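Asks: kindly return the folded structure for what I paste below:
(one chain, ligands or ions: 1)
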Amino acid sequence: MEEAPSNVRHQNIDAGDFGAWLEKVQVSFLGTEGTVVPCGACRGCCTSSQFIHVRPRDTRTLAAIPKNLLVKAPGMTDGNMVLGFSADGSCPILLNGTCSIYEHRPQTCRDYDCRVFAAAGLDAGGQEKERINARVRAWRFTYSTERDLAAHDAVKAAARFIQNKRASFPGGRAPIAPGDIAVLAIKVRSVFSAPETARGAPAETATAIIRASREFEIYGRPP
Ligand code: SF4
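Replies: Numbering: from 1, shown residues only. Have a look, this model is predicted:
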């Protein structure tokens, strides 16, 4: 990971126990519960030019946001909307550094946990995501067991593979966005708990990733 520029260098920040976090973040992937992120004064994800998906079931959010700030989500069914951002990259609902609809914020915001990038060893994106990247680089997990440490290594190995071996996937179809890579890496980490020599050729590893991802969708946890 590149060193943060000096103007955004942060001190280390406790990301919590990796094993406990992993359990919670997996549940959040099921889409009904978010994690509790110790954000402190950080507003990185609220000021980083993010498009926010507002789902039809986010009824309280839809009632709280002025209609002129929402547009229909491209390629999605009716009722799915997108909240854009202001010229400076800030969420238009963020007022004086505070979310003005916090109690009614959409599931997308409840689910956002920038520690997935730290877990996967990835930046959140380019220059426009620098505030998130600074936080990602500052997070430090702790480990209660060797198993947790090995699980973190497996997540990072999975992310590296997905990022660097796209051609190994059928049709080259593998996630490109860092957030998608990080989430998939967490879901399929069990593939990388085996030594590299036991995983076979890259195409076999890609097949195992696809299988593990499907199993996660069925069982809600890694195979
Ligand atoms: S970037 Fe991370 S720490 Fe900062 S506000 Fe967003 S989720 Fe919280």
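Asks: going forward, measure contacts and count neighbours with C-alpha atoms only.
Replies: Noted.
Asks: show the contacting residues for Glu215.
Replies: 221-223 (C-alpha atoms under 8 Å, 6 or more residues apart in numbering).
Asks: which helix or strand contains the residue lying farthest from the centre of the chain?
Replies: Farthest-out residue of the chain from its mean C-alpha position, per C-alpha atoms, centre = their mean: Thr197, at 29.0 Å. Taking DSSP states H and E as the criterion, Thr197 maps to helix 196-199.
Asks: may I have that helix as CSV, with CA atoms only?
Replies: Output in CSV follows, covering the C-alpha atoms of helix 196-199 (Å, rounded to 0.1, in the frame of the first residue of the first chain):
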residue,chain,number,x,y,z
GLU,A,196,-0.6,-21.6,-3.2
THR,A,197,0.9,-24.9,-4.4
ALA,A,198,-2.4,-26.6,-3.5
ARG,A,199,-4.6,-24.2,-5.4
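Asks: contacts made by the lowest-mean-pLDDT helix or strand in the chain with the rest, please.
Replies: When each helix and strand of the chain is scored by mean pLDDT, DSSP states H and E, helix 196-199 comes last, with a mean of 78. Contacts with helix 196-199, where a contact means C-alpha under 8 Å, 6+ apart, come from 191-192, 205.
Asks: of these, list those near the ligand.
Replies: Among the contacts of helix 196-199, no residue sits close to the ligand (C-alpha under 6 Å from any ligand atom).
Asks: which one of those is nearest to Phe141?
Replies: Phe192 (19.6 Å; C-alpha to C-alpha).
Asks: helix/strand/coil for the closest one?
Replies: helix (DSSP: H, G, I helix; E, B strand; the rest coil).
Asks: can you get me a residue count around the residue nearest to Arg43 when sequence neighbours are not counted?
Replies: Leaving aside its chain neighbours, Arg43 sits nearest to Gly97 (7.3 Å; criterion: C-alpha to C-alpha, 6 or more residues apart in numbering). As a burial measure, Gly97 scores 14 neighbours (other C-alpha atoms under 10 Å).
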